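Trainee: just the structure for this:
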Amino acid sequence: MNTVDKGDELENQTFNLLKEELESGRLGIDSSSGRIFKKKGYYSKEREREIIVDISIEVWPRQAENYSLLWICECKNYSHSIPVDDVEEFKAKLDQIAGKNVKGVIATRNSFQSGALTYARNQGIGLVRIMPDDQVTWMLHLVTESFDNKLNSREFNAALTREGYQAQERSFYSEYDGYIFGNWQSLLKYSLSNSS
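Mentor: Next up is the predicted model:
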């Protein structure tokens, strides 16, 4: 599979999942207020042209002439960890598009370099790692009443920064604003509700 097809595969998977979550009302916003797009352009005054983003969700108040909040997801499906340069470039795009009323997340199947994690945390950018199927061990047959599936920051840090991380019972890891999230729903609810 070439790199474009590989990137499109992750974008399509992420878009379809987010669209389903938005339509079902599980993202913390009324589905009639949210509009989801793939490969939509947003004008940059600095470039004097549009910046095309992978996935965007616009939140529109009733009878508004423009969205009040823009949530952007950039998908990176590399065969190596995501460097800090990519996060810095994404931040620059976010600043050019909408300033303060934009929230951004980078989604990948790979890890993030530690500098990327630090920079994203300090800039209010969400990071998501969707674990490849061959790196998740499901042991549901071993589940007992004492099984505890609470979120653990040490586990999330390892999953986000270690390339060969072997996940157990979890296929999604995210960090945003210093908080960790185990699924798209909680990440989006938090980021969309904290839009200052």
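
Trainee: quick one, helices of the chain?
Mentor: 3-23, 84-97, 114-123, 153-161, 184-193 (DSSP state H).

Trainee: any buried residues in the second one, and which?
Mentor: This means helix 84-97. Residues V84, D86, V87, F90, K91, K93, L94, Q96, I97 are the ones in helix 84-97 that count as buried (16 or more other C-beta atoms under 10 Å). Bear in mind the C-beta positions are built from the backbone N, C-alpha and C, glycine included.

Trainee: cool, the first one as well?
Mentor: Going by neighbour count (16+ other C-beta under 10 Å), the buried part of helix 3-23 is G7, D8, L10, E11, T14, F15, L18, K19, E21, L22.

Trainee: ok, now the third one?
Mentor: By neighbour count, and taking 16+ other C-beta under 10 Å as the criterion, the buried residues in helix 114-123 are A116, L117, Y119, A120, R121.

Trainee: look at the third one and report its pLDDT.
Mentor: Read that as Y119. Per-residue pLDDT puts Y119 at 96.

Trainee: can you name the residues that contact it?
Mentor: For Y119, the contact set (C-beta atoms under 8 Å, 6 or more residues apart in numbering) comprises V84, V87, E88, K91, I125.

Trainee: any idea how far S191 is from the third one?
Mentor: For E88, the distance to S191 (C-beta to C-beta, to the nearest Å) stands at 20 Å.

Trainee: ok, now the fourth one?
Mentor: As judged by C-beta to C-beta, K91 and S191 stand 15 Å apart.

Trainee: got a list of what P132 touches?
Mentor: Here P132 is in contact with R109 (C-beta under 8 Å, 6+ apart).

Trainee: cool, S193 as well?
Mentor: If you count contacts by C-beta under 8 Å, 6+ apart, S193 has them with G28.

Trainee: still on that earlier bit, hmm, which of the buried residues of helix 3-23 is lowest in pLDDT?
Mentor: For the buried residues of helix 3-23, the weakest pLDDT value sits at G7, with 68.
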